[in-house]
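Novice: coords below, sequence missing:
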């Protein structure tokens, strides 16, 4: 089993991880255990049609939950099923009422509550389409499969344009021209044509229809499966889950040696997305921070807040967060943490404070923190930490 190399904790350990994380995660992804888990997931997940199917399969559920940092919920099958089945579209859905956004991300990724064909089922469609290239020479397979998928995307783009309030005749004509060109390339190959029609469950008698009618029939089939979702969800689901699972497994391995570094890794990964949400007001983003324990730990420690702080009234907590952010960073906006330098500074504050408080998991107590602070002038970080 792969074990991350974490020679020490605290901020020096963080600096080491920053230099080695990419190579270490690649080694983890190539390890026998992860390769086996991913191969099994990829082979079987496309066959899952309902949330009940997923929660009933322990091995698939373990990977799915692991990809979102929810491994501890592996035995909470009824709860997870409800989260998945209700989806995220309805504001009353369970995932939308939970302060922990990981459940929302899980439900949105699978799409059981939104679409007749869940997002995981789209991987099977692409596999089926690309299977039609297996009689082609090796060099031609990728190009032919890509063309077939481009035809699917273009037909979906055409549908979107046709449904727009203000039709764009020139844009529609350009898309139809592109469809005509792709149609001859893709559907001219008998094997590939069969795989495309099979993937979209096109009925017998299709070949007897005029070309323009065939195009329209296939477009309607694609509309029924896309159901308004982004085209990239057809091909991105498995890769997204695999990447997220590997990342979380790496963080777990780091956490077994230095928990504060796992928290820092999680913060670095999660904070940019939360801070960049264009639909959220600043106060809403702060409330999301408060509701996410790992993010909250970084802010509470970096801001020097006492253990009893979470027991305060939420509005009072909000005021304190904004005051501390303003004092330390010159702004109370959560959006400032989309900036890598601001995140790095906050992580440094968190890790140095953790080490000074004796909470670093490895290393020499406060010595590493004191080494870091020894060259910092008064009035800057050292003053900030000790006031």
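Specialist: Everything's here; your move. All figures in this text were calculated on a predicted structure; none of them were measured in a lab. Residues are numbered from 1 along each chain as shown.
Novice: What is the end-to-end distance of stretch 283-297?
Specialist: Start-to-end span of stretch 283-297 (CA to CA, to the nearest Å) is 18 Å.
Novice: Next: stretch 85-99.
Specialist: Terminal-residue distance, stretch 85-99 (CA to CA): 18 Å.
Novice: Show me which positions of it end up buried.
Specialist: Neighbour-count burial for stretch 85-99, counted by 16 or more other CB atoms under 10 Å, picks out 85, 86, 87, 88, 93, 94, 95, 96. Heads up, the C-betas are built off the backbone N, CA and C, glycines and all.
Novice: Now do the contacts for the fourth one.
Specialist: Taking CB atoms under 8 Å, 6 or more residues apart in numbering as the definition of contact, the neighbours of residue 88 are 95, 96, 104, 107, 108, 113, 114.
Novice: Let's see the pLDDT reported for residue 363.
Specialist: Note on residue 363: pLDDT of 45.
Novice: confidence score at residue 91?
Specialist: 89.
Novice: Provide the backbone phi and psi angles at it.
Specialist: As for residue 91, its main-chain torsions (degrees, to the nearest 10) stand at phi -60, psi -20.
Novice: Next, work out how far apart it and residue 306 are.
Specialist: Taking CB to CB, to the nearest Å as the measure, residue 91 falls 35 Å from residue 306.
Novice: can you check residue 287 too?
Specialist: For residue 287 relative to residue 306 (CB to CB), the value is 20 Å.
Novice: Same check on residue 328?
Specialist: 17 Å.
Novice: The two: which is more packed in?
Specialist: residue 328 (17 against 9; other CB atoms under 10 Å).
Novice: That one reaches residue 303, doesn't it?
Specialist: Yes - here residue 328 reaches residue 303: they are 7.3 Å apart, a contact under CB atoms under 8 Å.
Novice: Give me the common contacts of the two.
Specialist: In contact with both residue 328 and residue 303: residue 349, using CB under 8 Å, 6+ apart.
Novice: How is the chain divided into domains?
Specialist: Domain assignment for the chain, taken from automatic domain parsing, gives 135-226, 271-386.
Novice: Which residues belonging to whichever strand or helix holds residue 147 are considered buried?
Specialist: Here residue 147 sits within helix 138-162, counting by DSSP states H and E. Residues of helix 138-162 classed as buried by neighbour count (16+ other CB under 10 Å): 141, 144-145, 147-149, 151-159, 161.
Novice: give me the number of residues near residue 334?
Specialist: 26.
Novice: Would you check how far apart it and residue 284 are?
Specialist: 9 Å.
Novice: Low-confidence ranges, the stretch 201-350 of the chain, go.
Specialist: 230-235 (pLDDT under 70).
Novice: cool, and the stretch 1-150 of the chain?
Specialist: For the stretch 1-150 of the chain, the stretches flagged by pLDDT under 70 are 1.
Novice: Which residue ranges of it form helices?
Specialist: Secondary structure of the stretch 1-150 of the chain by DSSP state H, counting those that start in this stretch: the helices cover 10-29, 32-44, 51-55, 58-66, 77-86, 94-97, 101-110, 122-130, 138-162.
Novice: In CSV, list those along with distance to residue 291.
Specialist: Shown next, in CSV, are the helices of the stretch 1-150 of the chain (distance: least, CB to CB, whole Å):
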stretch, distance to residue 291
helix 10-29, 25
helix 32-44, 29
helix 51-55, 24
helix 58-66, 19
helix 77-86, 15
helix 94-97, 11
helix 101-110, 8
helix 122-130, 31
helix 138-162, 35
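Novice: closest to residue 356 out of those helices?
Specialist: helix 10-29 (9.1 Å; CB to CB).
Novice: what comes up buried for that closest one?
Specialist: 10, 11, 12, 13, 14, 16, 17, 21, 24, 25, 28, 29.
Novice: which helices and strands sit right next to that helix?
Specialist: Contact analysis of helix 10-29 by 3 or more CB pairs under 8 Å, 6 or more residues apart in numbering; DSSP states H and E lists helix 233-255, helix 259-275, helix 340-356, helix 367-373 as its packing neighbours.
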